[in-house]
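In: Okay, predicted coordinates and the sequence, questions at the end:
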Amino acid sequence: MTRKKAGKTAKTKWMALIKNTALILVGNAMLAFLVAAFIIPHDILMGGTTGIGIVIHKLTGFETALSVLIMNVVLLLFGLWILGREFFLSTIVSSILYPLFLGLFQRIKGIDAMTDNTLLAAVFAGVLMGVSLGLVMRAGSSTGGTDIVNLVLAKWTHLPVAVFVWLVDIIIVGMQAPLYHKAEPVLYGVLVLVLESILVDKAMIFGKAKVEVFAVSPKYDEIRTRLLTDARMGVTLSHIETGGMKQQQKAVICVTSPRNLHKVTDLILAVDPEAFLTITQIREVKGQGFSRERVAKELNVESKPSE
């Protein structure tokens, strides 16, 4: 490896580290904020170690943030024992940061008076919780706490982690239910969990999602050339056999961003108005198969920044 290439690799690693650290910091700060601003002031039921900490506070008056910190540290050590050192290192930051942020936000004057509408608070809490957890998971980390329990149970039982995520949270929410005389707090807690489950996945792939265009046309070679030269996009050719006439030909596959979809389909249909197209959403694309450098090298065209 040349010195220049080694320097570029080191820079890439540092940039990735900075990016992931920022995601973990923002995700944990957002999670702590929504708990301090919406969950605790409006008595909304919540899963995880935060939910247990709220129960402990109601029964004993012990500070919620401190309870969460103690539980996270204990579970973190448990995770180190069962799941290993790599998991421990990827989780330790969030396990300590979140309760510290929570304690800090709870001391901000007026943070518990942002809204007097419990439904609005539950909606904001669910949305922000999904986004915050998605950011942390996007960085390849975990918020710790009951996530560790979920992973351990999944390892022991060989069942999907998602099963235990819902099961453990429902148990924790159920633990809090007897402390309330009305059903509304429980319903609001369920609403938060539902919104969280929807938004966490969206946050993890936000900005990474692509679309795949699969084009079947006898003019596949012209379509390929136009996509490579005019649209500056990588393409793949796939050998196919048509269903009706059983003719051997090739299909053109192109992966692009959603905002460029219209441009790609217009270009294909300009070459062959009768081309058969299917469009599929893709969660994420990685690798060098569609890099601008490869297009420039093969066709001797000027490379443009990826869109």
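Out: Perfect, I can see it now.

In: For T265, give me its contacts.
Out: 213, 277, 279 (Cβ atoms under 8 Å, 6 or more residues apart in numbering). For every residue, glycine as well, the C-beta is placed using N, CA and C.

In: That one: which element?
Out: Applying DSSP states H and E as the criterion places T265 in helix 261-271.

In: was I right about I96 contacting I70?
Out: No - using Cβ atoms under 8 Å, I96 is not in contact with I70; the gap is 11.2 Å.

In: per the record, what domains does the protein have?
Out: 3-205, 210-299 (automatic domain parsing).

In: Make a markdown table from those and add mean pLDDT to it.
Out: Output for the domains of the chain, formatted as a markdown table (pLDDT from 0 to 100):
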| stretch | mean pLDDT |
| --- | --- |
| domain 3-205 | 81 |
| domain 210-299 | 80 |
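
In: Most tightly packed of those?
Out: Mean neighbour count (mean count of other Cβ atoms under 10 Å) peaks for domain 3-205 among those, with a mean of 18.

In: centre of the chain versus it, how much separation?
Out: Mean-position distance between domain 3-205 and its chain equals 14 Å (Cα atoms, centre = their mean, to the nearest Å).

In: and F164, helix, strand or coil?
Out: helix (DSSP: H, G, I helix; E, B strand; the rest coil).

In: residue contacts, it?
Out: 149-150, 153-154.

In: Now do the contacts for the residue lying closest to L269 once chain neighbours are set aside.
Out: Nearest residue to L269 in three dimensions, chain neighbours excluded: A275, at 6.2 Å (Cβ to Cβ, 6 or more residues apart in numbering). Listed by Cβ under 8 Å, 6+ apart, the contact set of A275 reads 215-217, 219, 223, 268-269.

In: among the residues you listed, which two are most distant?
Out: V216 and L269 (12.6 Å; Cβ to Cβ).

In: Give the residues shared as contacts by the two.
Out: 275, 277.

In: surely M46 meets I39?
Out: Yes - with contact defined as Cβ under 8 Å, M46 reaches I39; the gap is 5.2 Å.

In: so what sits against both of those two?
Out: 54, 192.
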